[in-house]
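*Asks:* Give me coordinates for this.
(4 chains)
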Protein chains: 2
Amino acid sequence: MPGPIQSLSRAAAIMRLLAGGERRLGLSEVATSLDLAKGTAHGILRTLQQEGFVEQDPESGKYQLGAELLRLGQSYLDVHELRARALVWADDLARAGGETVYLGVLHQHGVLIVHHVFRPDDTRQVLEVGSMHPLHSTALGKVLLAYDPVARGELGDAPLEAYTPRTLTSLEDIDAECALIRERGWADAIEETWEGVASIGALIQDRRRNPVGAVCVSGAVERVCEDGFVRPQLVASVRDAARAISRDLGAGRF
Amino acid sequence: MPGPIQSLSRAAAIMRLLAGGERRLGLSEVATSLDLAKGTAHGILRTLQQEGFVEQDPESGKYQLGAELLRLGQSYLDVHELRARALVWADDLARAGGETVYLGVLHQHGVLIVHHVFRPDDTRQVLEVGSMHPLHSTALGKVLLAYDPVARGELGDAPLEAYTPRTLTSLEDIDAECALIRERGWADAIEETWEGVASIGALIQDRRRNPVGAVCVSGAVERVCEDGFVRPQLVASVRDAARAISRDLGAGRF
DNA sequence: CGAACTGTGCGACATTGTCGAACACCCGCC
DNA sequence: GGCGGGTGTTCGACAATGTCGCACAGTTCG
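*Replies:* Predicted coordinates for the structure are as follows:
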């Protein structure tokens, strides 16, 4: 199999660089960061700008991500079959459980949130569609690790970040946890990524029983847990929702 | 000035094609639609797939947009200065006006919604961030047409679509409307894009007084209008919000 | 005011992307 | 069940393009 098309890979690297923490980058910064000649970086940025993927501030000359990415990102959501089929079930789960609901899919080294139903109350909440959650410390991520070898392969050798004292950081612990998840059919994460937050997740499968994503409820540990364990009613609701979504995707009776 | 990098332009065309109405496309469909050789289309799709911009369904072999677009689209929003500065003002406007608030920027032939505050009530609403609204028939669009020559240039010669019987469809009417908008400083759109919906928009400028976007309130014509005109209190609120956002962007006193 | 940086543009040329052809596989129709 | 017509994938020749060194105008900072 031949390699990738060089200029496309370079363009992708430039866009990922611009997506990083820094708000805007100059041409020279882009070229230096990616070890490209300035003329090369300039040619790629000029074309990305013409296509709307990058914008250049006319005053400072610095580059940033462009609006076409937002538009295509929205189109990705519009045609995402899993998300389309999950919308109603996710709303029901949020209403029944009274907590935030996330729908996620494996993407690179993490879980990409493709749908987010706000907790049904009056508090101010921030939409997280498009953001990445960690694999090893969230209910969504651990469910995918348990059932999807591709996800498990993403962990590699790098040390796992300990977000809280409760985060699992050794592969042995992760694998033991995954065996438990497979045995009981759901994952929990109690203050493993954020202090004070607990969540419960379950796998979504397609009609060939391949893992395609996960759904979870998430909320304050005081509401999601009792006696140190996640509440069984919530577990049941999440699993019901996961099965319903899987059936909608053609996974057949469980 | 040299032309664009061919393979980048082609890749952009492929992604835009996949963003169109059709859910998924086969390799041959992509190649035929864009008048490319199958080997060429395949090479571009393979690289886009490796970079996460495109996904291929393993069963049917068909291609669709990939998750990396959602992630980068979200990053575009994260670093979008106009949006960041407008968030609080937009919330205030929704609360004060009791209606939906949109923040939009010019993008290609339309207005791209970069922020959307739901009407503060219990009804079910659909987030429109990432979607495009028309230029010639929305308050957001008409404000941009009035103040931004680049926007005006996007109308070209193509006939303007009449979404409702009230939509302006001739360039003369559009230009007259824009003169009125410039004179009074705000735009309205009463059932010009959607039956039963009215909206009021105002321009947002940066510190060099360049037009960079627009903000509007939008709702049922029965609430937004009285005696056939948009309610003056709402107009004042929208203009206040637009000025506040512009000041935050360094536009100085008005 | 000068040095050191910036972004932009140009052109030579080496490398790469393009594309015709072939192939294995699949699907639908008879 | 077989056949024809399509699919997606791969390969390699080669023409076209993308790369990059260099020069330049402009800006910034000490």
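
*Asks:* Name the residues of chain A found near DNA strand D, please.
*Replies:* A:1, A:2, A:6, A:7, A:10, A:36, A:37, A:38, A:39, A:40, A:43, A:44 (CB under 7 Å from any atom of the strand). (C-beta placed from N, C-alpha, C; glycine too.)

*Asks:* May I ask which of these has the most neighbours?
*Replies:* Highest neighbour count within the residues of chain A next to DNA strand D, by other CB atoms under 10 Å in any protein chain shown: residue A:44, with 25 neighbours.

*Asks:* Could I get the phi/psi values of that one?
*Replies:* Per-residue torsions, residue A:44: phi -70, psi -50 (degrees, to the nearest 10).

*Asks:* what about it, distance to DNA strand C?
*Replies:* 11 Å (CB to the nearest atom of the strand, to the nearest Å).

*Asks:* which non-adjacent residue is nearest that residue?
*Replies:* Residue nearest to residue A:44 in three dimensions, not counting chain neighbours: residue A:11, with 5.3 Å by CB to CB, 6 or more residues apart in numbering or on different chains.

*Asks:* before we move on, what about residue A:110?
*Replies:* In space, residue A:110 is closest to residue A:132, 4.1 Å off (CB to CB, 6+ apart).

*Asks:* bridging residues for that neighbour?
*Replies:* Taking DSSP bridges as the rule, residue A:132 bridges to residue A:112.

*Asks:* That one reaches residue B:71, doesn't it?
*Replies:* Yes - in this structure residue A:132 lies within contact range of residue B:71 using CB atoms under 8 Å: 6.7 Å.

*Asks:* just checking, residue A:137 is part of a strand?
*Replies:* No - assignment of residue A:137 by DSSP: H, G, I helix; E, B strand; the rest coil gives coil, placing it outside any strand.

*Asks:* Counting neighbours, what do you get for it?
*Replies:* With other CB under 10 Å as criterion, residue A:137 counts 23.

*Asks:* Quick check, central residue of chain A?
*Replies:* Note on chain A: the residue nearest the mean C-alpha position is residue A:112, at 1.7 Å, using CA atoms, centre = their mean.

*Asks:* For the nearest residue to residue A:224 once chain neighbours are set aside, list the residues it contacts.
*Replies:* Leaving aside its chain neighbours, residue A:224 sits nearest to residue A:198 (4.0 Å; criterion: CB to CB, 6+ apart). Contact analysis of residue A:198 by CB atoms under 8 Å, 6 or more residues apart in numbering or on different chains lists A:188, A:189, A:190, A:191, A:218, A:219, A:220, A:221, A:224, A:225, A:230.

*Asks:* same check, this time on residue A:187
*Replies:* Neighbouring residues of residue A:187 by CB under 8 Å, 6+ apart: A:139, A:140, A:142, A:143, A:146, A:177, A:181, A:200, A:201, A:202, A:216.

*Asks:* Which secondary structure state does the third one sit in?
*Replies:* Okay, so that is residue A:142. Assignment for residue A:142 (three-state DSSP): helix.

*Asks:* what about it, distance to DNA strand C?
*Replies:* From residue A:142 across to DNA strand C, the span is 34 Å (CB to the nearest atom of the strand).

*Asks:* Need phi/psi at residue A:222.
*Replies:* Dihedral pair for residue A:222: phi -70, psi -30, per degrees, to the nearest 10.

*Asks:* cool, residue A:100 as well?
*Replies:* The phi and psi values for residue A:100, taken as degrees, to the nearest 10, are phi -60, psi 140.

*Asks:* Mind listing the residues bridging to it?
*Replies:* Under the criterion used (DSSP bridges), residue A:100 bridges to residue A:218.

*Asks:* now do the one 5 residues further on
*Replies:* Per DSSP bridges, residues listed as beta-bridge partners of residue A:105: residue A:112.

*Asks:* now the helix or strand the residue nearest to residue A:224 falls within: how far from the chain's centre is it?
*Replies:* Per DSSP states H and E: residue A:198 is located in strand A:197-205. Averaging C-alpha positions (CA atoms, centre = their mean, to the nearest Å) puts strand A:197-205 13 Å from its chain's average.

*Asks:* Just give the closest residue to residue A:68, not the sequence neighbours.
*Replies:* Closest to residue A:68 by CB to CB, 6+ apart is residue A:52, at 3.3 Å.

*Asks:* residues in contact with the one you found?
*Replies:* With CB under 8 Å, 6+ apart, residue A:52 has these contacts: A:66, A:67, A:68, A:71, B:12, B:107, B:108.

*Asks:* Quick check: closest non-adjacent residue to the last one.
*Replies:* Read that as residue B:108. Leaving aside its sequence neighbours, residue B:108 sits nearest to residue A:52 (CB to CB, 6+ apart; 6.6 Å).

*Asks:* Is the one you found in a helix, a strand, or coil?
*Replies:* Under three-state DSSP, the three-state class of residue A:52 is coil.

*Asks:* Can you name the residues of the stretch 1-150 of chain A that neighbour DNA strand C?
*Replies:* Within the stretch 1-150 of chain A, the positions near DNA strand C by CB under 7 Å from any atom of the strand are A:5-8, A:26-29, A:38-39, A:42, A:45-46, A:56, A:61-62.

*Asks:* give me the element whichever residue of the stretch 151-254 of chain A sits closest to chain B is part of.
*Replies:* Going by CB to the nearest CB, chain B is nearest to residue A:208 of the stretch 151-254 of chain A, at 7.3 Å. Using DSSP H and E, residue A:208 falls within no helix or strand.

*Asks:* quick one on the thing from earlier: tell me the least confident of the residues of chain A next to DNA strand D?
*Replies:* By pLDDT, residue A:1 ranks lowest within the residues of chain A next to DNA strand D, coming in at 46.

*Asks:* Can you name the residues of the stretch 51-200 of chain A that neighbour chain B?
*Replies:* Neighbours of chain B within the stretch 51-200 of chain A, by CB under 8 Å from any CB of the partner chain: A:51-53, A:59, A:64-77, A:79, A:81, A:105, A:107-108, A:112, A:114, A:127, A:129-132.

*Asks:* Narrow those to those that are buried.
*Replies:* Among those, the ones that count as buried by 16 or more other CB atoms under 10 Å in any protein chain shown are A:51-53, A:64-77, A:79, A:105, A:107, A:112, A:114, A:129-132.

*Asks:* Just give the nearest non-adjacent residue to the residue in chain A that DNA strand C sits nearest to, would you?
*Replies:* Closest residue of chain A to DNA strand C, CB to the nearest atom of the strand: residue A:26 (2.4 Å). Leaving aside its sequence neighbours, residue A:26 sits nearest to residue A:62 (CB to CB, 6+ apart; 5.2 Å).

*Asks:* For that neighbour, give me its contacts.
*Replies:* For residue A:62, the contacting residues are A:24, A:25, A:26, A:56, by CB under 8 Å, 6+ apart.

*Asks:* Just the strands from the stretch 101-250 of chain A, written as ranges.
*Replies:* Counting by DSSP state E, counting those that start in this stretch, the segments of the stretch 101-250 of chain A that form strands are A:110-117, A:132-134, A:187-190, A:197-205, A:211-220, A:225-226, A:229-230.
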